[in-house]
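Enquirer: generate coordinates for the sequence data below:
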Amino acid sequence: MDQLFKEIYQNRELIWALALKDLQVRYKRSALGFLWALLNPLMMMVILTMVFSKLLPAQDHYSIFLMSGLLPWTFFSQALSYSADSIVTNGDLLKKVYVTKSVFPVAATLSNVINFALSMIPLVLLLAVLRFPFHRTWPYVLVPFASLLLIALGFGFFVAMANVFFRDVAHILQIVLQAWYFVTPVMYPIDIIPAQYRRLFQLNPVLYPVNGFRLAIYYGQLPSLQSMAASLAGGAIACYLGYWVFRRYQDNLVFYV
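Expert: From the prediction side, this is the model:
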């Protein structure tokens, strides 16, 4: 992990430039540009609220319940998707000059951190419009976000490396993320899962940071210290393992891009 932090610090300017470039390409030739970072979560919220608010057990202000889980999940899924293509799309740069390979998945994740920050604006506006209370637990969202960021980096390193050797990985990842979405309590509370199956759902590493967001924003509660520690520890382990695998194969990436 020390080596990863060292690489990030030494290449911080390049990472920032790549992250901004990623955002510019994402919204290039779009009439609304960066406004899509605000509109996308709002449009998804409206559609899902219309469908699932009638099917699921009653939740006061279901739109806020949904957004508090949808935003962190969207960050995670987009960070993985962009990380998967990060090295392949920068293959020409890798072939021309020596670049620390880890900067590409890190920059892809950073661009989605910026996108996530922008997407929080509609949530704040929604709370204000619906006169939903701004709980004092809001600052706590930095803890589950740190955990989710570490998990995204860990998985991002792995899929970025794997997609260079096997280009099918990017396509398989989209299917995996769709299935992963439905086993993550984004649209529904974990309580509706039968007790005998709940332990299986609790193996999902994304469950804890997503639940942390919802507790702080929607319920105004804090999880136990044990849950916080487990979430951060799980994120650190995922990041370490992903980076370890990435470093093991990074020298061969330039021959396959």
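
Enquirer: and the host helix or strand of F158, what does it pack onto?
Expert: Using DSSP states H and E, F158 maps to helix 142-165. In terms of contacts (3 or more Cβ pairs under 8 Å, 6 or more residues apart in numbering; DSSP states H and E), helix 142-165 is packed against helix 62-86, helix 103-130, helix 169-182, helix 207-214, helix 225-249. To be clear about C-beta, it is placed using only N, CA and C from the backbone, and glycine gets the same treatment.

Enquirer: could you export stretch 77-96 as CSV, CA atoms only?
Expert: Output in CSV follows, covering the C-alpha atoms of stretch 77-96 (Å, rounded to 0.1, in the frame of the first residue of the first chain):
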residue,chain,number,x,y,z
SER,A,77,-20.2,0.7,-10.8
GLN,A,78,-19.0,3.6,-13.0
ALA,A,79,-15.5,3.5,-11.4
LEU,A,80,-15.2,-0.2,-12.2
SER,A,81,-16.5,0.3,-15.8
TYR,A,82,-14.1,3.2,-16.6
SER,A,83,-11.2,1.4,-14.8
ALA,A,84,-11.7,-1.7,-17.0
ASP,A,85,-11.0,0.4,-20.2
SER,A,86,-8.5,2.8,-18.7
ILE,A,87,-5.3,1.0,-19.8
VAL,A,88,-6.7,-0.2,-23.2
THR,A,89,-7.8,3.3,-24.2
ASN,A,90,-4.4,4.7,-23.2
GLY,A,91,-2.4,2.1,-25.1
ASP,A,92,-0.9,4.5,-27.5
LEU,A,93,0.5,6.6,-24.6
LEU,A,94,2.0,3.4,-23.0
LYS,A,95,3.8,2.5,-26.2
LYS,A,96,5.3,5.9,-26.7
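
Enquirer: hmm, who's touching that stretch?
Expert: Applying Cβ atoms under 8 Å, 6 or more residues apart in numbering, the contact partners of stretch 77-96 are 18, 22, 99, 101, 104-105, 107-109, 111-113, 115, 152-153, 155-157, 159-161, 163-164, 167, 169-170, 173-174, 177, 180-181, 253-254, 257.

Enquirer: pull out the buried positions in that stretch.
Expert: Within stretch 77-96, the residues scored as buried using 16 or more other Cβ atoms under 10 Å are 77-88, 90, 94.

Enquirer: can you check stretch 233-247 too?
Expert: 234-236, 238-240, 242-243, 246-247.

Enquirer: likewise stretch 156-171?
Expert: In stretch 156-171, counting by 16+ other Cβ under 10 Å, buried: 156-164, 169-170.

Enquirer: which of the residues you listed sits closest to L200?
Expert: Nearest to L200, judged by Cβ to Cβ, of those is F158 at 22.4 Å.

Enquirer: pLDDT value on the nearest residue to the closest one once chain neighbours are set aside, please?
Expert: Distances taken as Cβ to Cβ, 6 or more residues apart in numbering put G242 closest to F158, at 4.6 Å, once the chain neighbours are dropped. We have a pLDDT of 93 for G242.

Enquirer: G242 and G154 touch, don't they?
Expert: Yes. G242 is in contact with G154 according to Cβ atoms under 8 Å; the separation is 3.3 Å.
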